[in-house]
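Asks: The following block contains a protein sequence and its predicted model.
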Protein chains: 12
Amino acid sequence: MSDHVYKKVEIVGSSRNGIEDAIDNALRECARSVQHMEWFEVIDTRGHIVDGKVAHYQVTLKVGFRVETA
Amino acid sequence: MSDHVYKKVEIVGSSRNGIEDAIDNALRECARSVQHMEWFEVIDTRGHIVDGKVAHYQVTLKVGFRVETA
Amino acid sequence: MSDHVYKKVEIVGSSRNGIEDAIDNALRECARSVQHMEWFEVIDTRGHIVDGKVAHYQVTLKVGFRVETA
Amino acid sequence: MSDHVYKKVEIVGSSRNGIEDAIDNALRECARSVQHMEWFEVIDTRGHIVDGKVAHYQVTLKVGFRVETA
Amino acid sequence: MSDHVYKKVEIVGSSRNGIEDAIDNALRECARSVQHMEWFEVIDTRGHIVDGKVAHYQVTLKVGFRVETA
Amino acid sequence: MSDHVYKKVEIVGSSRNGIEDAIDNALRECARSVQHMEWFEVIDTRGHIVDGKVAHYQVTLKVGFRVETA
Amino acid sequence: MSDHVYKKVEIVGSSRNGIEDAIDNALRECARSVQHMEWFEVIDTRGHIVDGKVAHYQVTLKVGFRVETA
Amino acid sequence: MSDHVYKKVEIVGSSRNGIEDAIDNALRECARSVQHMEWFEVIDTRGHIVDGKVAHYQVTLKVGFRVETA
Amino acid sequence: MSDHVYKKVEIVGSSRNGIEDAIDNALRECARSVQHMEWFEVIDTRGHIVDGKVAHYQVTLKVGFRVETA
Amino acid sequence: MSDHVYKKVEIVGSSRNGIEDAIDNALRECARSVQHMEWFEVIDTRGHIVDGKVAHYQVTLKVGFRVETA
Amino acid sequence: MSDHVYKKVEIVGSSRNGIEDAIDNALRECARSVQHMEWFEVIDTRGHIVDGKVAHYQVTLKVGFRVETA
Amino acid sequence: MSDHVYKKVEIVGSSRNGIEDAIDNALRECARSVQHMEWFEVIDTRGHIVDGKVAHYQVTLKVGFRVETA
């Protein structure tokens, strides 16, 4: 981990099933455009309600990934 | 979503089973007095410990609901 | 202002026209169920985007009102 | 404390005498409309000044109360 | 809104005319590189002063946009 | 902007007309005692309510000004 | 309270006797250089400990005062 | 709960399985050195990513425990 | 105060009588296991309610103490 | 600075040597993909410890850069 | 430190050389108008970038100074 | 890093020489009583002023260390 540089992107995943599943969905999508993802931080947890029940959990993450330095 | 107005109430749900279940319990109770619930925001997650283990998760939510305008 | 007691409610107003108008809409609705409103605090300003433009401003307020003490 | 649900209201008490007395005034008023109050959290402490001295302390509380579940 | 994923970017718009106009300018520029913008959150409002008057409002936004999932 | 030093003062402007006008009023007053004002930051936006409508917007600013160094 | 402008100063009062007394001491000193003080906000409460007991409470306030406009 | 005193420690639990399991792991370890644990507060939720997926959830807790007073 | 090192512990004191008394109770207990306490910071003030009145104030402190360096 | 628009990216630089050097490393890497960088804000300072000593400082920055408008 | 009163001012120092040097520059300037400075608190660290490198560090401080009481 | 548990302690280091040196002093002292230190987080940076100059930097850290699990 000598002199690495990391960037962070903010992403929101949603899921009908729960908080961990919303995180998984966010990371799966993020992996399509970002390499070398190393960690995530949960920034916010919320959700939509339909007919008095949770319809979707929505979890906002910051995802840190290593930048390949020259 | 033209010129709607929403109110938010703060509610704490608890559950022996987990965080999502505590959210469900809060919403089920909230639905008894509030109509048109549309979203929730997790404000705080904590719990009680008995004999060194989680006895109850306690999740504080803000619940947003649409007000029927005249 | 001797020994008055105040309560605060959280309300979200929306408007196509601007931030001040969203505040007005929130207060107009709030006035239907609350008397003696005395002040508001802007908690959050956000909005929806449609076709790349602001469709609605959404302003979250706390509204303080005086409780008539016995 | 099995699967209870709690709600929280935000209230501002004032007093000429001090911070604890402002809390007492807020709770006394709150008790007129809310049952089963269980805890309070001090959110903000401020006051009005008249002739260079404290005229009233104003203490903002969140008050948590148990909801009677069906 | 089933299992969508959203990303958020942070952008600062400026305007001589006012806060809403600075938001518009930020969104117009953002729309040049980002599709499916759905909401914005105001993070910070500030401005430059020239000759004792507001020369430019500067509004920092987070803009959320939907990612097209495979 | 080599080795300049800046001070910041906190000021509250009010206006019947809107948020930008409250900022203008704060800066106009501030300019009477402070020179070289360079930027402002909005810290808080609130207002008074009379008869269910906004009577005054109150905007708290921090104003930064350059100190003439020896 | 039409178009008044207010400034705020930050001040720390200390007292051997308690929190309210530290506030009083801060305001008494502040009144020597500032006129038209209207409100205070408690920002921080701390203190020094000597021999395991509170030696002084230290309360940091923001004090708002009205500026006489031209 | 008369005049009890509590201390709080900050602890980070990790788990491959989920957020609740990370909390359990933290409490199990904490119980080895601390007695009379009464509550926990979730301070932060994050995790490590390996090959684009969550490898471990990491949950930071504050754990409150009662001190046996003389 | 040359090159001293300090540690901080988090502790919650409670009292039937008031905020300052809860601070005293926390420090008295803390002094049983910690030497060279130098300052405290109030982190949170809350309390339990019984029969509509304050039963106990609960004040969370951080207490800083000097470590005897080699 | 008329009607410019800025974007902000979040980046983490690390260095064995110190905080300023970690900032330099972050900016050097950022400059490879971003033009017109104008300012940075330090969001977080932390580091890794090996054998009881700082192995790397890690400084999280937000970097603001001007967007070339059409 | 019996019943002293302190005031705090907010000041921004800048330097080409580093964070500590920016603090020194702020204090040197502050000392020209303020006596009895006793402590500072770093509120914000940022800087300007020119040609992809740090041109100036800018450190915002609160400086506390003792007020000579009558 | 499978199912490790970490604890965090809060410590304040001081130094005449600079921020990094204050961090070093805090870690050196912390290492006398804590094993397996893995990371630190800077929580607060402040200092004492004597004769208008920095006498000591004081840096508050949280230090995370791995707990040896059974």
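Replies: Perfect, I can see it now.

Asks: And the residue of chain A that's closest to chain F?
Replies: A:Asp44 (22.1 Å; Cβ to the nearest Cβ). From N, CA and C alone the C-beta is placed, and that goes for glycine too.

Asks: Thought A:Tyr57 was touching that residue, still the case?
Replies: No: under the criterion of Cβ atoms under 8 Å, A:Asp44 makes no contact with A:Tyr57, lying 11.1 Å away.

Asks: Who has more neighbours out of the two?
Replies: Between A:Asp44 and A:Tyr57, A:Tyr57 has the larger neighbour count (other Cβ atoms under 10 Å in any protein chain shown), namely 26 against 12.

Asks: close to chain H, is stretch A:33-53?
Replies: Yes: using Cβ under 8 Å from any Cβ of the partner chain, stretch A:33-53 reaches chain H at A:37-42.

Asks: Using a markdown table, lay out those together with distance to H:Asp21.
Replies: Below are those laid out as a markdown table (distance: Cβ to Cβ, whole Å):
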| residue | distance to H:Asp21 |
| --- | --- |
| A:Met37 | 22 |
| A:Glu38 | 22 |
| A:Trp39 | 18 |
| A:Phe40 | 17 |
| A:Glu41 | 19 |
| A:Val42 | 15 |
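
Asks: just the buried members of the residues you listed?
Replies: A:37, A:39-42 (16 or more other Cβ atoms under 10 Å in any protein chain shown).

Asks: all strands of chain A, in order?
Replies: A:5-15, A:37-50, A:53-67 (DSSP state E).

Asks: Show me what the shortest one is packed against.
Replies: Taking 3 or more Cβ pairs under 8 Å, 6 or more residues apart in numbering or on different chains; DSSP states H and E as contact, the helices and strands that strand A:5-15 lies on are helix A:19-30, strand A:37-50, strand A:53-67, strand E:5-15, strand J:5-15, helix J:19-30.

Asks: where's the nearest residue to A:Val59 once chain neighbours are set aside relative to E:Phe65, distance?
Replies: Spatial nearest neighbour of A:Val59, chain neighbours left out: A:Ala22 (4.2 Å); criterion: Cβ to Cβ, 6 or more residues apart in numbering or on different chains. Taking Cβ to Cβ, to the nearest Å as the measure, A:Ala22 falls 18 Å from E:Phe65.

Asks: Tabulate the strands of chain A (JSON lines), appending mean pLDDT and distance to L:Ala26.
Replies: Compiled in JSON lines, these are given as follows (pLDDT from 0 to 100; distance: least, Cβ to Cβ, whole Å):
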{"stretch": "strand A:5-15", "mean pLDDT": "97", "distance to L:Ala26": "25"}
{"stretch": "strand A:37-50", "mean pLDDT": "98", "distance to L:Ala26": "25"}
{"stretch": "strand A:53-67", "mean pLDDT": "97", "distance to L:Ala26": "25"}
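
Asks: Take those strands and lay them out in a markdown table including distance to E:His48.
Replies: Formatted as a markdown table, the strands of chain A follow (distance: least, Cβ to Cβ, whole Å):
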| stretch | distance to E:His48 |
| --- | --- |
| strand A:5-15 | 27 |
| strand A:37-50 | 30 |
| strand A:53-67 | 30 |
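
Asks: residues from chain A in reach of chain J?
Replies: Going by Cβ under 8 Å from any Cβ, the residues of chain A near chain J are A:1-10, A:62, A:64, A:67, A:69-70.

Asks: how about a cut-off of 7 Å?
Replies: For chain A, the contact set with chain J under Cβ under 7 Å from any Cβ of the partner chain comprises A:1, A:3-8, A:64, A:67, A:69.

Asks: Now the buried members of those.
Replies: So, by 16+ other Cβ under 10 Å, the buried ones in those are A:3-8, A:64, A:67.

Asks: Widest-spaced pair of the residues you listed?
Replies: A:Asp3 and A:Lys8 (17.7 Å; Cβ to Cβ).

Asks: For burial, what's the neighbour tally of the closest residue to A:Arg16 other than its chain neighbours?
Replies: Among residues not flanking A:Arg16 along the chain, A:His56 sits closest, at 5.9 Å (Cβ to Cβ, 6+ apart). When counting by other Cβ under 10 Å, one arrives at 20 neighbours for A:His56.

Asks: was I right about A:His56 contacting A:Asn17?
Replies: No: assessed by Cβ atoms under 7 Å, A:His56 is found out of contact with A:Asn17, at 9.4 Å.

Asks: List the beta-bridge partners for the nearest residue to A:Ile43 once chain neighbours are set aside.
Replies: Computed as Cβ to Cβ, 6+ apart, the closest residue to A:Ile43 that is not its neighbour in sequence is A:Thr60, at 4.4 Å. Beta-bridge partners of A:Thr60, counted by DSSP bridges, are A:Val12, A:Asp44.

Asks: Next, count neighbours for A:Thr60.
Replies: When neighbours are counted by other Cβ under 10 Å, A:Thr60 comes out with 20.

Asks: surely it meets A:Ser14?
Replies: No: counting by Cβ under 7 Å, A:Thr60 does not reach A:Ser14; the two are 10.2 Å apart.

Asks: how many other residues sit next to the closest residue to A:Val9 other than its chain neighbours?
Replies: Nearest residue to A:Val9, sequence neighbours excluded (Cβ to Cβ, 6+ apart): A:Val63, at 5.4 Å. Number of residues near A:Val63 (other Cβ under 10 Å) recorded here: 23.

Asks: how much space is there between A:Val63 and B:Gln58?
Replies: 29 Å.

Asks: now do A:Glu10
Replies: Applying Cβ to Cβ, the value for A:Glu10 to B:Gln58 is 28 Å.

Asks: Right, I'll call it a day here.
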